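Peer 1: Predicted model and sequence follow; I will ask about them next.
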Number of protein chains: 2
Amino acid sequence: MVTIYDVARQAGVSAATVSRVLNGHVRVDPALAERVTDAVEQLGYRRNAVARNLRTSQTTLWAVIVSDVENPFFTSMVRGIEDVALSAGYSVVLCNSDENPEKESNYIAAALAERMAGVIISPSSNRVDDVELLLRADCPVVVIDRELSGQSTDTVLVDNEHGAELGTAHLVEQGFRRIACIGGPRWLSTATQRLDGYGKALRAAGRPVDPALIRHADFRERGGYEAMASLLDDNADAPPDAVFAANNLMTIGAMECLVQRGIAVPSEVAIVGFDAIPWADLIRPTLTTVAQPTYEVGRRAAQLLAKRLTSPDAEPTRVVLPTALQVRASSRRDG
Amino acid sequence: MVTIYDVARQAGVSAATVSRVLNGHVRVDPALAERVTDAVEQLGYRRNAVARNLRTSQTTLWAVIVSDVENPFFTSMVRGIEDVALSAGYSVVLCNSDENPEKESNYIAAALAERMAGVIISPSSNRVDDVELLLRADCPVVVIDRELSGQSTDTVLVDNEHGAELGTAHLVEQGFRRIACIGGPRWLSTATQRLDGYGKALRAAGRPVDPALIRHADFRERGGYEAMASLLDDNADAPPDAVFAANNLMTIGAMECLVQRGIAVPSEVAIVGFDAIPWADLIRPTLTTVAQPTYEVGRRAAQLLAKRLTSPDAEPTRVVLPTALQVRASSRRDG
DNA sequence: CGTGTCTGTGCAATCGATTTCTCGACCTCG
DNA sequence: CGAGGTCGAGAAATCGATTGCACAGACACG
């Protein structure tokens, strides 16, 4: 590997001068500068970021730790992050924690060890430990999608409770009587808030909240499928006539269960999901969803991180973005 | 930040000993070792990977550069890579080149500068330049999904030509007469091979290959949509009665176009896509696809990279995985 | 008891860049 | 003509870990 000293020798200057030319902060004699750039060219020199990072103790890498790379919600968000990061001169590396606290700790340790410039994370657990580790090490952190109890960090969320309320209220208005809910893991703020919204809408309509109609699953397709199956099996005598699913993949899973059992949607069981589903238009019936501004979530998170890097001591910001109900066929009372 | 010297002072030993305890290659007096681990614990020391990387000139990070994070094909593959990487002691960071050669160069430069241990890449262009850069810098590379002309590197592909042939032949057998093709970018081996397979199947059935029925798009949803629209508009007098789409997102786009124009699938236009589509069962009609073993592609690529790291001078391996036709409703001649 | 071997620890060099400090060359002005 | 100031380049310290080398002490053996 060719180093800055090789370049210096070739150009007949000192390594310090090469560094100065490369970084351009300081004035250098144009004649020397040219000799340096020529030498760089000739030798195919590429700066060793590891050495530079060690000396300057900073890097240009952002770690984005998401809990499921296969969930379109996160990939779309990543695009939002990337667009901001690149224009601010940073590169984004994506880490998949797979909703697994151990993997998550691993990646946080790596981000810390590699002294990455900042981290954007959707924490898998509400164990504050890991994120606190980052904070204690003075590593700028932005939390997305999920709220951490008892921590004040920059955070970007969507209005989960209101969104869930909208979706559920819509089912109430359509005249459905037994509205079930497939919620997410109990320990995720995202999940509990959506469950709260569901309950709030029912109470507002003077309806009881029946625990027999509530399931908790894992925010994945398989979990949604199983929750739906359990809702149907356990309420065989008085099955739900509608279901609100608390995220996109579980909505899909629930649909799959209904389709497989030959239950008509929406005439026998209506369905509303939280978060957009790619190519929702091709799914029959088309799915009513509570849409989140996923790309925007990423963009805002990246902006917060960029700002924190320039002013580390500013007060933490909490951004809450709105959701919007998009009514399609799966929730229409037809007949 | 607490360094190895702080730990050494606290434990009353030298930094060298701390390093030896931490790495465990060499025997150290158990009593000292305990004092060191205690000190590490007390001070909350975390090793600075940057310094270590500089000294040892190696890291434990793999860069995976994919051309579209939003394409489920790649995310599923990443899971395969991750599972192997983690068990081999490496961490995976994902970079999204967005099918954009400039972004790709950027990430390659970053991988090189950060001296990452290895790179797995699906190159956006067939410009060999970038990948060659990696090879010249002795950075182990595995190419996936796409073939690079004139380079011998470890490569993992699927049998694109055969898969496309299967898909097209299936349409021929079903009795469709005017079978169109929505191909990918001309410069991607993946795309040309699939186009070749399409042509081969037609010729094998004694059919002409009609350029008017072939479009090239960009492997994205929008591109598939536009290609389908153009196929319909430009052949208004003799429209295609079937279409073979060369990747998953374009299949979706083509479907969307057909749905939007009220064209019945498969009775008016049948469709076969390449590569699986998530929740294909919920799309009506269900989609016939040529399935690729995406997870396995990732797994094999990771295995090749792991092997290359241990034996850098072995001959490059080229793995070609099989595809399989999965017939569903969108290609059935009904009536 | 002296010599040789072995074990385990510390010292100091090293990785490759950045940056402070120092110094020489040149310029300006009284 | 000399003091003071400016500018730019080189020498050397530095970031934090790893590791080759030297050496101290323990032990065995003749």
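Peer 2: Nice, I can see it.

Peer 1: What does the pLDDT read for residue A:206?
Peer 2: On the pLDDT scale, residue A:206 is placed at 96.

Peer 1: Doesn't it lie inside a helix?
Peer 2: No. Using DSSP: H, G, I helix; E, B strand; the rest coil, the assignment for residue A:206 is coil, not a helix.

Peer 1: residue contacts, the closest residue to residue A:276 other than its chain neighbours?
Peer 2: The spatially closest residue to residue A:276, leaving aside those adjacent along the chain, is residue A:291, at 5.0 Å (C-beta to C-beta, 6 or more residues apart in numbering or on different chains). The way it works is simple: take the backbone N, C-alpha and C, and place the C-beta from them, glycine included. By C-beta atoms under 8 Å, 6 or more residues apart in numbering or on different chains, the contact set of residue A:291 is A:275, A:276, A:323, A:324, A:325, A:326.

Peer 1: Then residue A:297?
Peer 2: Residues in contact with residue A:297, defined by C-beta under 8 Å, 6+ apart, are A:77, A:80, A:144, A:145, A:156, A:158, A:321.

Peer 1: where does the one helix or strand it maps to sit relative to the chain's centre, distance-wise?
Peer 2: Per DSSP states H and E: residue A:297 is located in helix A:294-310. Remark: helix A:294-310 is offset 12 Å from the chain centroid, using C-alpha atoms, centre = their mean, to the nearest Å.

Peer 1: Sort out which residues of the helix or strand following that helix are buried, please.
Peer 2: As assigned by DSSP H and E, the chain's next helix or strand after helix A:294-310 is strand A:318-321. Neighbour-count burial for strand A:318-321 flags residue A:319 (criterion: 16 or more other C-beta atoms under 10 Å in any protein chain shown).

Peer 1: Give the pairing partners of strand A:318-321; include direction for each.
Peer 2: strand A:154-158 (parallel) (DSSP bridges).

Peer 1: now for the next helix or strand after the partner strand, which elements pack on it?
Peer 2: As assigned by DSSP H and E, the chain's next helix or strand after strand A:154-158 is helix A:160-173. Helix A:160-173 sits against strand A:179-183, helix A:189-204, strand A:242-245, strand A:270-274, strand A:288-291, strand A:324-326, with contacts defined as 3 or more C-beta pairs under 8 Å, 6 or more residues apart in numbering or on different chains; DSSP states H and E.

Peer 1: nearest residue to residue A:51 other than its sequence neighbours?
Peer 2: Counting by C-beta to C-beta, 6+ apart, residue B:54 is the residue found nearest to residue A:51 once chain neighbours are left out, at 5.4 Å.

Peer 1: check contacts around that neighbour.
Peer 2: Counted by C-beta under 8 Å, 6+ apart, residue B:54 has contacts A:48, A:50, A:51, A:54.

Peer 1: From these, list the buried ones, please.
Peer 2: So, by 16+ other C-beta under 10 Å, the buried ones in those are A:48, A:50, A:51, A:54.

Peer 1: Return the backbone torsion pair for residue A:293.
Peer 2: When read as degrees, to the nearest 10, the backbone of residue A:293 gives phi -80, psi 80.

Peer 1: residue contacts, it?
Peer 2: So residue A:293 contacts A:158, A:321, A:322, A:323 (C-beta under 8 Å, 6+ apart).

Peer 1: do the same with residue A:122
Peer 2: Counting by C-beta under 8 Å, 6+ apart, residue A:122 touches A:65, A:66, A:67, A:74, A:143, A:144, A:145, A:146.

Peer 1: Now rank the residues you listed by neighbours and give me the top one.
Peer 2: In terms of neighbour count, residue A:66 stands highest of those at 28 neighbours, by other C-beta atoms under 10 Å in any protein chain shown.
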